[in-house]
Every structure is written in structure tokens, then in C-alpha cells.
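Engineer: with the input below, show me the fold.
(chains A, B and C)
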Amino acid sequence: MSNHSDSDSPLVRIRDLVYRRGRRVIFDGINMDIPRGKVTAVMGPSGTGKTTLLKLIGGQLRPEQGSIEVDGEEVHRLSTRELYRLRMRMGMLFQSGALLTDISVFDNVAYPLREHTGLPESMIRKLVLLKLEAVGLRGARELMPAELSGGMARRVALARGIALDPMMMMYDEPFTGQDPISMGVLLELIRSLNDAAHMTSIVVSHDVAETAEIADHIYLISDGKVVEEGEVAQIRESENAWTRQFIGGRADGPVPFHYPAAEFGEDLFGEGA
Amino acid sequence: MLNRIAELGAAGLGVLQGLGRGLLLLPAILAGTLAMLARPRLLIRQLYSVGVMTLIIIAVSGTFVGMVLSLQGHYILSQFSAEEALGVMVAASLVRELGPVVTALLFAGRAGSALTAEIGLMKATEQLSGLEMMAVNPIHRVLTPRFWAGFISLPLLAAVFSALGVLGGWFVGVGLLGVDDGAYWTQMTYKIDFQGDILNGVIKSVVFGFVCTWIALYQGYDATPTSEGVGQATTRTVVQSSLVVLGLDFILTALMFGE
Amino acid sequence: MQTNRTMEILVGGFLLIGLVALFFLAMNVSNLSRGVAGEAYRVTARFDNVGSLTERAKVTIAGVRIGRVERIEYDSKTFEAVVTLALDNRYNALPDDTFAKIYTAGLLGEQYVGLEPGGGESNLKEGDEIAFTQSALVLEEMIGQFLFSKAEEKSDDVF
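Structural biologist: Numbers count the residues shown, from 1 in each chain, chains lettered A, B, ... in the order given. From the prediction side, this is the model:
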């Protein structure tokens, strides 16, 4: 593409990112580097703004401070037209799939192609079938989104996400609410698509075991900060108490079991009662 | 005490912010017009769901309102032996007021609420974000065709309402109550002025179409993306549209028909 | 594609019904079918008092509507009201000594302009002024005159 695209530099570079929603600080000056061609997992407890992070990278939200560079282009300095051109090279899999409910599976996958390529219909048909074949749903092309199970909807959305052969794919909580089989299918797909198409993948999740299975690199975030980062093995061996609690799924630790409250006895027998 | 004042202030600021977001949405919607004209199918689809689907309720209501007007009008006019003026009375009430206003109220209830719910649900199911990430502007693709569909449909629906009302009034007045057929129509054509009455009524319905669709789209686009939020937004659409239509109707009537 | 086609037909039908309704309102309900809208010529008439004559009031000849009052202005030099009448082009053979008078429809009805053709040779044209006019009858003035004349009769009796 351009001179930025040398393969050593990270594809996404986040510097001193600050984002607030109302008075709540979601990100408090975080730095991240997402390496090219790898699966990077961003993990953290629910409500730490992992989805928000993807929206910031996609330019759907604007940070208060700091910068986000994707393939050398600073997302929030781009004009609308440039931003749209950049987005054509990004795919995103939403938690709900976000399929358009009033058109069929085939038309959903064809949507970005028809929108951006101007290819003849016969060509589009071939490409759509190819993408649907890749996610194993070529036979479901006539169905409407309402007729799909949650897992199938996500696979269709994945086919749509890769329709334009993007350089990166962002997955927002891809495993939430999936049965073990579709979870396995999705894991397999994310890994194989990443390797076959030389894509870069960002997986946002709080399902530790599954995500760690396919990730090359892990970022742990909590309370608006990056707690720890590194290769999967490194994270597993970590001495950090918080990391151990999160990875091990323990009920008590640095993150207390109890929501902050007054002393129990005081609460029970105190004056407020 | 001070807290109460602060709450009041916060509520006021919230209203102002909402107004501002609504105002900013409008140019964004209009900016998509040219792109939409390149794909007329998008507009046709919305004309179907906004216009055609509302036609039946408008046609039935218009006919019955005309019939009731005729019944009531005949009762009053016959006390002054002025039954000949029935046609004027029915037509003037319909064309000037009831046509545009009742159509707009029904439109807000039928089409406006459906628009809000549809867009709110698209937002809640991340379809709008999905479009955005596919490098498609959701405002241009989703909101613009719906806006024009509402803007075009409402004046036509109001015309259907008034026309069927006049016919319904004719059916009751002439057919059932024995008013002279000639008097019904001639008196009407004498007194109803094309520019003063019909065109002003059309202008009203154009304004209402603009405002009602705008409110419905804004409420859907601005809805909290949960099922509860979409429900509240739908209610707000109907309430706000109705109030704005009635308020604007007063202002427009004062401007048009006042001296 | 069948559903698409049905939809297109229905939308087309909807637009058609709407336009027909508008056309019906314009032609059968309003005065548009009675002409005067475009093809008109204008003449002016000066009145001492127009009473409650309003713009858009009808202009008749022998009881038949042939036009409407387009504008009413006040001439501050002559202290008169200047009324512009828009008359249908079909009736362009009015003698130039036509007489214009403001009538009241019924006892309390609206006021309108009635024309009475004279016997002149040439006809009124666009922009002409009607020379002979009679003002509106104002009820208060009439009563005043009536009382005054009664009073005069009385005083005649005395002397």
C-alpha cells in the first residue's frame, strides 16, 4: 500500500489513549501495539470498554486524547472519505452479528461487494459463494437472518466481514453465548482465516481458556489501564496477582468479592437500620 | 433546594442537547439525498412501508370523519335552515384543518412509531454500526430514504383523507339526509378558494410531514440501544409528534388565515 | 423478484391515488374550476368607502360571478379606496361607462362588487379605471341619515 506497510511495524499503534463516557473514565492513557499477521487477544473483565476499544480503532468513536494509528494512518485525523476507505480494509464481527435483518444471507454477504466494488453480478455470486464456503454455510444462502442460530449468524457475519479481503479483522466477544460446538467452529475459523489470508486479528473477549487457545499475543486491561501484556505462555506464568486471579478465575483476590461497603456488623446493627 | 435547581438545570441542558443533536441530524440526512436518487429502489421500498401501509387507516378515517362532520353539521345548520352550506362546512373543515392535522396524528401513530422502532432496533442489534464498519454511511443509507418517503407521503395521505372526507360527507348529507346535490357542490366550489384553502392545507401537511418524519428518525437514531430504550423512544415519537403538530397547526393557521 | 414488482406497483398506485385526490380537491372542491385564476384582466375602481369588502370577494354582473377583488388600497391623496378587480378574460366586452357598486349579500352577508354595464361605445381594457362607482352602504350612516331626516321633518313641523 504505502511506505508505512513495512512488516516489522505494528499494524495498530495506540498511544496515550484517554476516553471518557460521561464522568466514567474508560481508558486512562493506554498504549498498545497490535503486531501484523498475528492473533492478538484483548482481555479484561466485563465493562472495561473492550468493545469501545474496537469502536475507537474503527473510527466510530473519537478519543479524548492520544492517537490511534492503523497501518500508518492516524484514524482520527482522516477525512470522512479517507476513513471510509480505511474501513474497507477493516472487518468487524459484532457480538450480535449485526446482519441486516431484511435481506437474505446471500445478500448480506454480497452487500459490501455490491456497495464498493461495482463488480458484475456473476462475479459477486462467485465471491459470495466462496466466502460462504469458507465458513461452511454455502447451503444456508437463501435463509433470512431470523432463521439462523446465533452461531450461524456469527459465521455469516464473519463471511461478510471478510468479503472485501480486509487486512485486519476485529472480533467483538465472538464466543459469548455459544455452545461448545459453535465455539470450536469459531475458534477454528478465526485461526485459519488469520493464517490463510495473512490477516491481522484482534479478538476482544473475557473467555480466557478459549481465547488463549488461539491467541499469539495477549493484552489484559482493567480499570482503564493495561495490566499486563505478552505472549500467551508469559501471561500464564505471570506473578502479577491480578493476572493470576483473572486467568485462574478465582472469586477473591485483588478484585474483591464484595462490592465496597461499610463493615457488615455496622450495617446490620448500626444506626441506619 | 440547591440540588433541585441543579436538577432542573441538568434537565434543561439535556433537552437543549437533544434539540441540538436533532438539528445536526437534519443536514446529515439531507446530504444523502443525491446518493439516494442514484438508488431509487431504496426510496420505493420506504414509500411502500411508510405510505402504502398507512393508506388504509387514512382512507377509512377520512371517510368516517367526513360522514360525522356531515351529520353534526347538518344538525346545526338545519336549525338556521342553511343546509345548503353543508358542503362548504365539511370541505372547509377538512381541507383547512382536519385533513392535515388528523392525517399527521395518525401518521405519527402508524408510520412514525414504526420508523422509530425499526431504526432503534437496527441500532440495538448493531446493524447501524455494522453498516458504518462496512464503510457505508448509515444516515445516508437508512435515514435519508425514510425521510423523503415520509415527506412525500404525508401530503398525499392528507389529500386522500380530505377527498374521501368530502365524499363521505356527501354520502351522508346528500344520500341520507336529503341535502340538495347541486347545493352541496356549488356552495363548496363558491366558497373554497384554491390558493387560500387547498394550497394552505397542502403547505400544512408538507410541514407536518417534514416534522413528523424528522422526529421519528431522530428518536430512533438517538434511542438507547436496548429493548426498553426503543420502547421509550417510540412513545416519545408519538407524544412529541402530536404535540408539535398541534402547536405548529396553531401557528400556521394564525399565519395563513389570520388577517 | 415478484415481491419487488408487487411493491413497485403498490407504490405507484399510492402515488397515483394521492395525486388524484389532490386533483379532485383542486377541481371539484375549490373555485379553481371556475376560472379567473390565470386568464384575467385588471381594472381599478375608486370608492369613498368600501365598507367591509375584502380581497378575494366576488365580482358579479347580472348576478353571475365574473371575477374577484384582487387588492384594496388606500389613496392618501384623494382619501379614497382603490379597488383592483380581476375580471375573467371571457368577459372582456364591458362598456367603459360600466357602473360599479358594492352590495351586501343578504342582510348580514359578505360584501361584493356588482357591475352594471352602461351604453358606451368602447370597452374596458387592462389597467382602465371604472369612473362611476357607488360606495358601500354603511348601516350606521344609514341610520344616522334616517334619524337626521326625521329630525328635520319634525323641525319643519314646528316652524
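Engineer: pLDDT score assigned to the closest residue in space to residue A:101 that isn't next to it in sequence?
Structural biologist: Sequence neighbours aside, residue A:145 is the residue nearest to residue A:101 in space, at 5.1 Å (criterion: CB to CB, 6 or more residues apart in numbering or on different chains). Where C-beta positions appear, they are placed from N, C-alpha and C, glycine not excepted. pLDDT, residue A:145: 88.
Engineer: and the residue of chain B nearest chain C?
Structural biologist: Relative to chain C, the nearest point of chain B is residue B:156 (2.6 Å; CB to the nearest CB).
Engineer: tell me the contacts of the residue nearest to residue A:101?
Structural biologist: In this structure, residue A:145 makes contact with A:97, A:99-101, A:105, A:108, A:153, A:156, judged by CB atoms under 8 Å, 6 or more residues apart in numbering or on different chains.
Engineer: check residue C:105 too.
Structural biologist: By CB under 8 Å, 6+ apart, residue C:105 lies in contact with C:111-112.
Engineer: now do the same for it: its pLDDT.
Structural biologist: At residue C:105, the model reports a pLDDT of 71.
Engineer: can you pull the buried residues of the helix or strand residue B:209 falls within?
Structural biologist: Using DSSP states H and E, residue B:209 maps to helix B:200-221. Of the residues in helix B:200-221, B:200-202, B:204-221 count as buried by neighbour count, 16 or more other CB atoms under 10 Å in any protein chain shown.
Engineer: report all helices and strands that it contacts.
Structural biologist: Secondary-structure packing of helix B:200-221 (3 or more CB pairs under 8 Å, 6 or more residues apart in numbering or on different chains; DSSP states H and E): helix B:2-31, helix B:99-107, helix B:113-124, helix B:144-170, helix B:227-257.
Engineer: possible to save those as TSV with mean pLDDT?
Structural biologist: Listed next are the helices and strands packed on helix B:200-221 as TSV, based on pLDDT from 0 to 100:
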stretch	mean pLDDT
helix B:2-31	89
helix B:99-107	95
helix B:113-124	93
helix B:144-170	94
helix B:227-257	93
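Engineer: between those, which gets nearest to chain A?
Structural biologist: If you check each of the helices and strands packed on helix B:200-221 against chain A by CB to the nearest CB, helix B:113-124 wins as the nearest, at 7.9 Å.
Engineer: so for the closest one, what gets flagged as buried?
Structural biologist: Buried residues in helix B:113-124 (16+ other CB under 10 Å): B:113-124.
Engineer: which secondary structure element is home to the residue nearest the centre of chain A?
Structural biologist: Nearest residue to the geometric centre of chain A (CA atoms, centre = their mean): residue A:171, 3.1 Å. According to DSSP H and E, residue A:171 maps onto strand A:168-172.
Engineer: next, see if stretch B:2-17 gets close to chain A.
Structural biologist: No. Judged by CB under 8 Å from any CB of the partner chain, stretch B:2-17 and chain A are separated, with a smallest distance of 12.0 Å.
Engineer: pull the longest helix from chain C.
Structural biologist: In chain C, with assignment by DSSP state H, the single longest helix is helix C:2-24.
Engineer: got the angle between that one and helix B:200-221?
Structural biologist: If you take axes from the mean of the first three to the mean of the last three CA atoms, to 10 degrees, helix C:2-24 sits at 150 degrees to helix B:200-221.
Engineer: got the CA positions of helix C:2-24 in CSV?
Structural biologist: Only the C-alpha atoms of helix C:2-24 are listed here, as CSV (Å, rounded to 0.1, in the frame of the first residue of the first chain):
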residue,chain,number,x,y,z
GLN,C,2,-42.0,-11.0,-7.8
THR,C,3,-42.3,-9.2,-4.4
ASN,C,4,-40.3,-6.3,-5.7
ARG,C,5,-42.6,-5.9,-8.6
THR,C,6,-45.7,-6.0,-6.4
MET,C,7,-44.2,-3.4,-4.2
GLU,C,8,-43.4,-1.1,-7.1
ILE,C,9,-47.0,-1.5,-8.4
LEU,C,10,-48.4,-0.7,-5.0
VAL,C,11,-46.2,2.3,-4.5
GLY,C,12,-47.1,3.6,-8.0
GLY,C,13,-50.8,3.1,-7.1
PHE,C,14,-50.3,5.0,-3.9
LEU,C,15,-48.7,8.0,-5.6
LEU,C,16,-51.5,8.0,-8.2
ILE,C,17,-54.2,7.9,-5.6
GLY,C,18,-52.6,10.7,-3.8
LEU,C,19,-52.3,12.9,-6.9
VAL,C,20,-55.9,12.1,-8.0
ALA,C,21,-57.1,13.1,-4.5
LEU,C,22,-55.2,16.4,-4.9
PHE,C,23,-56.6,17.0,-8.3
PHE,C,24,-60.1,16.2,-7.1
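Engineer: rounded mean pLDDT for that helix, please.
Structural biologist: Helix C:2-24 carries an average pLDDT of 88.
Engineer: kindly report the domain assignment for chain C.
Structural biologist: Residue ranges for the domains of chain C, per automatic domain parsing: C:1-30, C:40-144.
Engineer: adding distance to residue A:44, write these out as a markdown table.
Structural biologist: Formatted as a markdown table, these follow (distance: least, CB to CB, whole Å):
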| stretch | distance to residue A:44 |
| --- | --- |
| domain C:1-30 | 46 |
| domain C:40-144 | 74 |
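Engineer: which stretch among these comes nearest residue A:237?
Structural biologist: Among the domains of chain C, the nearest to residue A:237 by CB to CB is domain C:1-30 (59.8 Å).
Engineer: is any residue of the closest one near chain B?
Structural biologist: Yes. Contact of domain C:1-30 with chain B (CB under 8 Å from any CB) involves C:4, C:7-8, C:10-11, C:13-15, C:17-22, C:24-26, C:28-30.
Engineer: wait, residue B:161 sits on residue B:58?
Structural biologist: Yes. Counting by CB atoms under 8 Å, residue B:161 does reach residue B:58; the two are 5.2 Å apart.
Engineer: ok, now which ones touch residue 222?
Structural biologist: Because you didn't say which chain, this covers chain A. For residue A:222, the contact set (CB under 8 Å, 6+ apart) comprises A:44-45, A:48, A:242, A:246, A:255.
Engineer: not quite, go with chain B.
Structural biologist: B:18, B:21-22, B:25, B:233.
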